[in-house]
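What would the 3D arrangement of this be:
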Amino acid sequence: MPDSTPRHGDVRVVIDTVRPNVDCGAFPIKRAVGETVLVHAHVFTDGHDHIRVQLLYRAPADADWQILAMEDRANDEWEARFPVTELGDYRYTVRAWVDHFDTWQADLVKKYQAGQNVGVQLLIGARMLEEAAARAKNAAATGPTSTSSSARGSAEGVEAAARIEKWAAQLTAAGAAASKSPGTPGSEGAGLHPEVQVAQAVELAVSEELTAAVQMWPDRSRAALFQPELRVAVDRGRALFSSWYEFFPRSAAGDGSHGTFADCRRWLPEIAEMGFDIVYFPPIHPIGVAHRKGRNNATTALADDPGSPWAIGAAEGGHTDIHPELGTLKEFRALIKEAHDLGMEIAMDMAFQCAPDHPYVKEHPAWFNWRPDGTVQYAENPPKKYQDILPLNFESDDWKGLWNELKRVVLYWAKQGIRTFRVDNPHTKPFAFWQWLIAETRSKFPDLIFLAEAFTRPKVMARLAKVGFNQSYTYFTWRTSRSELEQYITELTRSEHAEYFRPNFWPNTPDILPEQLQYGGRAAFVIRLVLAATLSSNYGVYGPAYELCEAQAVNGKEEYFNSEKYEIKQWDLSGDSLRPLMKTVNRIRRQNRSLQNTRNIELCASDNEAIIAYAKRSDDGDNHTVTVVSLDTHHRQSGWVTLPVGFLQLDHDEQYLVEDGLTGERYIWRGATNYVELDPHTMPAHIFTVRRKLRRENDFDYFL
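Sure, this is the predicted structure:
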């Protein structure tokens, strides 16, 4: 029978739970530079001994731990927070041990206050001080370790040891005197009444100076350390807060001819003026000729049909080449720089699939599935067929060669200046591949951002986020009622999803024209824009179609009729459009830090099911917003909204100002419950900034 004796049976502290973590540390949580990580732990021991609990964390390049004391919040639940200031993977864990010295101090005070003789207690304390002095001397001789509480030098250790030994001598003398007659010679403090000497010793024993010195050199020989170490994947700020605008470069000319990168450069200033910071392009690579799709996904293309940009690869090249009608690599790099100069960046579509005439088909036939008739299996999602696209075979015997080639593709574009990739259909490729690819490429370019375009099963979407995708498409597109929206945002922000799944809300895409936009009119586009931009700190739109409230769909489907996926469009954005509203919404987002995070949301009660309301508060507590949206696209709605005044740091009967960034209107509200009225034909939403009322010395009121 195997020996069941534990390896460290003298370790009495239990670290039962450490949060946040994802799947017991199998995957990192996510944060962005400038955020903090609030760590909770359940830590306790048997009996009544006191314990010390520490949070250990280190930055990507650090060898030594930074150490913070954790605070007991009640019921054996401890917490502390640490900042993340660098890109890369941070690590953190929790360490705890029985603090015999702290226990001794507490017991000493209790016994002394109860009038008991504390002579022996003082002698016990003196022995503990001598042991602490020995640890200080040892540390001075050996130097700090990777888990030392600070990088203390040898001189500091020697000096500390001397002070602690002096205090030990005082406690020893007082302990001995406690059992002798007043004035007995032969000990330090002779001539003092024993009661005075003991009182002074007790005061010394619990003093801040002595306590700090002993805590500096604790006995951690029986410390428990939580395993495994947990990780934080830290991204740049744009992973946390971004506004995406998608358009097709080939439609940028505006006159029906094939657009170029030079045409795209003329679009950039207006997109920047609207407040977007990421311009997303569908694939810019050569488009296959074989089995090219015609307009509206017709299986036969006419001579002038440009084909789908997602059918990548032709005689002109593949995934590291550019469609010749768009321009050259030099011109594309100039476009990237132009966007950067305007405070934006270009996001590329990364679609790992091939047209039938992609060079890979001839050069690497093992990367594809060949059918018995000698043809390559094209993509299918029955009953849908994609004859112009061939999926890659990730079960190929040459899967390592395939993986390395796709890594080369990502690194190639990263070297050209691309830092953000929208990944097409990642759920159709192995999770292990994505985990490897993202880790490999981010080891060379830590600021890369990968957005997972995966409208698929919830657990699959979650797994993609866990393995490394920095942002994720969501079900927001189809959540329209108040209950659906509230349930979904609660799932994203109040469950473990919040630690690794960063949502990016898109009300439309070139693939999806939701029913609400088809039938809700202009008000529907306004409502969905405001919801996307304020519920989530990351959002995006398929721009020209959204600006113009394009709502013509294929009959019975959520697909655009005359889809830009299969033709060059002429967008006239000079007339009536949502551009002014988009500019206003993005300005509000930039001016209010509370809208630059997703997890900081608190739902508000409303007595009208057609009205949804929610509050947000910035991490520093200095910025508060309340968004109120009517979900009715046709009728005026009104009702009473109840705000979480505690969350907004307001008193229950306090008067305060709410200023609507959409209209500029201001209202004086009081307390939690206030009246709203929204008209879809004028403005079906409020985005309020909450300003507390203050009073100057001269008694004039004003608001901050």
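
what about the stretch 551-700 of the chain, any weak spots by pLDDT?
Segments of the stretch 551-700 of the chain classed as low confidence (criterion: pLDDT under 70) are 693-700.

Show me the helices in it, by range?
579-591 (DSSP state H, counting those that start in this stretch).

Show me where it has its strands.
Taking DSSP state E, counting those that start in this stretch as the test, the strands found in the stretch 551-700 of the chain are 601-606, 611-617, 624-630, 637-642, 655-660, 666-670, 673-678, 685-695.

Could you list the domains of this structure?
Domain assignment for the chain by automatic domain parsing gives 1-98+222-235, 100-217, 244-284+322-352+395-591, 288-315+353-391, 601-703.

Just give me the lowest mean pLDDT stretch among the ones you listed.
In terms of average pLDDT, domain 100-217 trails the rest of the domains of the chain, at a mean of 83.

Give me the distance between the two termini of that domain.
The distance separating the two terminal residues of domain 100-217, taken as C-alpha to C-alpha, to the nearest Å, comes to 13 Å.

Same check on stretch 416-428?
Start and end residues of stretch 416-428 are separated by 27 Å (C-alpha to C-alpha).

Can you give me the buried ones in it?
By neighbour count, with 16 or more other C-beta atoms under 10 Å as the criterion, the buried positions of stretch 416-428 are 418-428. From N, CA and C alone the C-beta is placed, and that goes for glycine too.

Need the max-distance pair from those residues.
Within these, two members stand farthest from each other by C-beta to C-beta: R419 and T428, at 24.3 Å.

Could you tell me the end-to-end distance of stretch 633-640?
Stretch 633-640 has an end-to-end distance of 19 Å (C-alpha to C-alpha).

wait, I meant stretch 17-29
Chord length of stretch 17-29, first to last residue, is 16 Å (C-alpha to C-alpha).

try stretch 233-252
Length of stretch 233-252, first residue to last, C-alpha to C-alpha: 37 Å.

how about it: buried residues?
Buried positions in stretch 233-252, judged by neighbour count with 16+ other C-beta under 10 Å: 233-236, 238-252.

cool, and stretch 646-654?
When burial is assessed from 16+ other C-beta under 10 Å, stretch 646-654 yields the following buried residues: 648, 650.

picking up where we left off before, among the buried residues of stretch 233-252, name the ones in strands.
Using DSSP state E, the members of those that fall within strands are 233-235, 242-246.

most tightly surrounded among the strands of the stretch 551-700 of the chain?
Mean neighbour counts were taken over the strands of the stretch 551-700 of the chain using mean count of other C-beta atoms under 10 Å, and the top value, a mean of 26, falls to strand 624-630.

partner strands of it, parallel or antiparallel?
As defined by DSSP bridges, the strand partners of strand 624-630 come to strand 611-617 (antiparallel), strand 685-695 (antiparallel).

Compute the inter-axis angle for the shortest one and strand 673-678.
I take that to be strand 611-617. Compare the direction of strand 611-617 with that of strand 673-678 by axes from the mean of the first three to the mean of the last three C-alpha atoms, to 10 degrees and you get 120 degrees.

Give me the distance between strand 611-617 and the centre of its chain.
Per C-alpha atoms, centre = their mean, to the nearest Å, the displacement of strand 611-617 from the mean C-alpha position of its chain is 20 Å.

okay, the domains of the chain, which one's buried deepest?
Greatest average neighbour count among the domains of the chain goes to domain 244-284+322-352+395-591 (a mean of 19), per mean count of other C-beta under 10 Å.

Between the two ends of that domain, what distance do you get?
Chord length of domain 244-284+322-352+395-591, first to last residue, is 17 Å (C-alpha to C-alpha).

for it, the distance to its chain's centre please.
Taking C-alpha atoms, centre = their mean, one finds domain 244-284+322-352+395-591 lying 18 Å from the centre of the chain it belongs to.

ok, now stretch 76-89?
Counting by C-alpha atoms, centre = their mean, stretch 76-89 comes out at 13 Å from the chain centroid.

what's that stretch in contact with?
Contacts of stretch 76-89 with the rest of the structure, by C-beta atoms under 8 Å, 6 or more residues apart in numbering, involve 28, 31-44, 53, 55, 57, 59-61, 66, 68-73, 90, 92, 94, 231-236, 446-447.

wouldn't K385 be in contact with Y378 here?
Yes: under the contact definition of C-beta atoms under 8 Å, K385 touches Y378, with a separation of 7.1 Å.

So Y546: helix, strand or coil?
Taking DSSP: H, G, I helix; E, B strand; the rest coil as the rule, one finds Y546 in the helix state.

ok, and the closest non-adjacent residue to it?
Of all residues beyond its chain neighbours, the one nearest Y546 is N508 (5.6 Å), with distances taken as C-beta to C-beta, 6 or more residues apart in numbering.

In which helix or strand does P507 reside?
Here P507, judged by DSSP states H and E, is contained in no helix and no strand.

Okay, it and N470: tell me how far apart.
Applying C-beta to C-beta, to the nearest Å, one obtains 21 Å for the distance of P507 from N470.

next one: I336
Here the criterion is C-beta to C-beta. By it, I336 lies 19 Å from N470.

Over to E395?
Distance from E395 to N470, by C-beta to C-beta: 27 Å.

N508 too?
Following C-beta to C-beta, the distance that separates N508 from N470 is 22 Å.

go on, L662?
According to C-beta to C-beta, L662 stands 30 Å off from N470.

try P382
With the distance defined as C-beta to C-beta, P382 ends up 32 Å from N470.

Same question for V214.
As it turns out, when the distance is counted by C-beta to C-beta, V214 lies 45 Å from N470.

what is A347 paired to in the beta sheet?
According to DSSP bridges, beta-bridge pairing links A347 with Y280, T420.

Now for it: which residues touch it?
With contacts defined as C-beta under 8 Å, 6+ apart, A347 is in contact with 244, 278-281, 418, 420-422, 449, 451.

please redo it, this time with the cut-off set to 10 Å
Remark: with contacts taken as C-beta atoms under 10 Å, 6 or more residues apart in numbering, A347 is in contact with 242, 244-246, 278-281, 339, 418-422, 449, 451, 540.

Then R692?
Going by C-beta under 10 Å, 6+ apart, R692 touches 624, 648-651, 654-657, 703-704.

likewise H291?
299-301, 307, 311, 355-357, 378, 386-390.

same deal with A178?
Contact partners of A178, counting by C-beta under 10 Å, 6+ apart, are 117-123, 194-195, 197-198, 201.

how long is stretch 623-639 end to end?
Calculated as C-alpha to C-alpha, the first-to-last residue distance of stretch 623-639 is 25 Å.

Tell me how far that stretch lies from the chain's centre.
27 Å.

what are the ranges of the strands in the stretch 151-300 of the chain?
Using DSSP E, counting those that start in this stretch, the strands assigned to the stretch 151-300 of the chain run over residues 224-225, 230-235, 242-246, 278-281.

I512: which of the ones you listed is closest?
Taking C-beta to C-beta as the criterion, I512 comes closest to strand 242-246 out of the strands of the stretch 151-300 of the chain, the separation being 12.0 Å.

hang on, the earlier thing: mind giving me a markdown table with the contacts of A178 and columns for distance to L573?
What follows is these, written out as a markdown table (distance: C-beta to C-beta, whole Å):
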| residue | distance to L573 |
| --- | --- |
| N117 | 90 |
| V118 | 84 |
| G119 | 89 |
| V120 | 87 |
| Q121 | 82 |
| L122 | 84 |
| L123 | 86 |
| P194 | 92 |
| E195 | 90 |
| Q197 | 88 |
| V198 | 86 |
| A201 | 83 |
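
which among these gets closest to L548?
When the contacts of A178 are compared for distance to L548 (C-beta to C-beta), Q121 wins out at 82.1 Å.
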